[in-house]
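Undergrad: kindly return the folded structure for what I paste below:
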Amino acid sequence: MHGLRCRDFFLALCFSTGFVFIGDVSSVDAASASTSLDSVSSSANPTNVNSVSWLHTATSTGVNTILVVGAVSRDSTDADRPVVSVTYDGIALTKVRQDDEPVNNVYSSLWYLVHPPSGTHTVTANYAAPVTEAFGTALSFTGVDQTAPIDVHAGYTQSGGTTSTKTVTTTSDNAWVLGIQYAGAGSSATPTSGQAQRLNQQVSIGRTTDRVIVTTKGPLSPTGTTAMSYTYSESSQVALSIVGLRRGQDPQ
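TA: Just a heads-up that it's a prediction; the model follows:
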């Protein structure tokens with residue numbers, strides 16, 4: 001039986017007869033490789049700080065894991081808003097993209113780390129300088145390609161309006177798309193077009209009173225164009241960052 005792969009066969013013990021059976025379970029292994037959301041965490045919303053930290057717990061049992069961090073800000077000085085680094089358990093993450101709306105001073109960014117340490121660890125997002133509003137969120141996933149995890153990414157900004165839409169085109173089957181945005185609509189912001197809402201939190205309460213929204217769509221099959229759309233209770237400035245995650249390879 002040399003050369004058999006675990007994805008192709010399994011041993012089933014029939015205890016009533018003592019018979020040993022070899023069967024095909026490739027479909028079971030393929031399902032186990034599907035991308036899944038593991039956990040979501042978020043920070044407090046401090047003001048006039050140059051960093052924000054919080055705890056995130058990543059799975060200890062999943063395979064092909066990835067941590068995605070979204071960090072946002074609002075500040076009247078353009079040069080202060082960007083996030084310059086993000087760490088998890090002291091390990092540096094890679095930046096996917098950043099999106100800045102300079103008229104009304106809101107900013108969003110996305111970062112990732114493949115195979116993050118399991119367990120509970122600290123996430124820290126560092127800004128270029130102290131910002132008036134700082135906030136971060138983290139999402140861990142299983143079943144994501146470890147060599148080339150990013151399928152697509154895109155961004156969108158607007159200085160005002162009661163709706164926003166950004167389309168992205170996935171290139172790998174069963175990709176997951178994630179979006180994080182800082183929106184100026186304090187009363188309500190509602191995702192549309194089949195998104196799963198993972199976070200919709202009021203921030204800067206008593207100051208500018210804004211919202212941070214995190215949504216996902218997936219798995220998406222077949223490949224093609226999908227929209228990340230939102231409606232707002234009032235005219236809203238928006239900084240939206242989007243990333244598509246490529247599904248991991250089946251176990252060999």
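
Undergrad: quick one, strands of the stretch 1-150 of the chain?
TA: 10-14, 19-23, 36-42, 49-58, 66-74, 83-88, 91-92, 94-101, 106-114, 119-131, 133-142, 150-158 (DSSP state E, counting those that start in this stretch).

Undergrad: give me whichever of those strands is most buried.
TA: Among those, ranked by average contacts under mean count of other CB atoms under 10 Å, first place goes to strand 66-74 (a mean of 28). Using the backbone N, CA and C atoms, a C-beta is placed for each residue, glycine as well.

Undergrad: now for that one, which elements pack on it?
TA: On a contact count with 3 or more CB pairs under 8 Å, 6 or more residues apart in numbering; DSSP states H and E, strand 66-74 meets strand 49-58, strand 83-88, strand 106-114, strand 119-131, strand 133-142, strand 175-183, strand 210-220, strand 238-245.

Undergrad: turn those into TSV, columns for distance to residue 71 and mean pLDDT.
TA: As requested, the helices and strands packed on strand 66-74 are exported to TSV (distance: least, CB to CB, whole Å; pLDDT from 0 to 100):
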stretch	distance to residue 71	mean pLDDT
strand 49-58	7	98
strand 83-88	4	98
strand 106-114	5	98
strand 119-131	4	98
strand 133-142	4	98
strand 175-183	8	98
strand 210-220	10	97
strand 238-245	9	98
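
Undergrad: tabulate those strands in a markdown table, adding columns for distance to residue 68.
TA: Converted to a markdown table, those look like this (distance: least, CB to CB, whole Å):
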| stretch | distance to residue 68 |
| --- | --- |
| strand 49-58 | 11 |
| strand 83-88 | 10 |
| strand 106-114 | 5 |
| strand 119-131 | 11 |
| strand 133-142 | 5 |
| strand 175-183 | 6 |
| strand 210-220 | 10 |
| strand 238-245 | 7 |
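
Undergrad: ok, which of the ones you listed comes nearest residue 167?
TA: strand 238-245 (9.4 Å; CB to CB).

Undergrad: direction included, what does that closest one pair up with?
TA: Using DSSP bridges, strand 238-245 pairs in its sheet with strand 150-158 (antiparallel), strand 175-183 (antiparallel).

Undergrad: may I see these organised as JSON lines, with distance to residue 86 added?
TA: Below are the strands paired with strand 238-245 laid out as JSON lines (distance: least, CB to CB, whole Å):
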{"stretch": "strand 150-158", "distance to residue 86": "15"}
{"stretch": "strand 175-183", "distance to residue 86": "13"}
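
Undergrad: wait, residue 239 sits on residue 104?
TA: No. In this structure residue 239 lies outside contact range of residue 104 using CB atoms under 8 Å: 9.3 Å.

Undergrad: looking only at neighbour counts, state which of these two leads.
TA: The neighbour count for residue 239 versus residue 104, taken as other CB atoms under 10 Å, is higher for residue 239 (28 against 18).

Undergrad: thinking again about what came up before, right, and the strands paired with strand 238-245 - which one's nearest residue 168?
TA: Closest to residue 168 of the strands paired with strand 238-245 is strand 150-158 (CB to CB; 4.8 Å).

Undergrad: chain center to the closest one: distance?
TA: For strand 150-158, the separation from the chain centroid amounts to 12 Å (computed by CA atoms, centre = their mean, to the nearest Å).

Undergrad: and the contacts of it?
TA: Contact with strand 150-158 is made by 96-101, 106, 108, 110, 112, 164-172, 175, 177, 236-246, as judged by CB atoms under 8 Å, 6 or more residues apart in numbering.

Undergrad: my read is that residue 111 contacts residue 97, right?
TA: No. Using CB under 8 Å, residue 111 makes no contact with residue 97, being 9.3 Å away.

Undergrad: the residue nearest to residue 46 when sequence neighbours are not counted pairs with what?
TA: Leaving aside its chain neighbours, residue 46 sits nearest to residue 134 (5.7 Å; criterion: CB to CB, 6 or more residues apart in numbering). Counting by DSSP bridges, residue 134 is bridged to residue 73.
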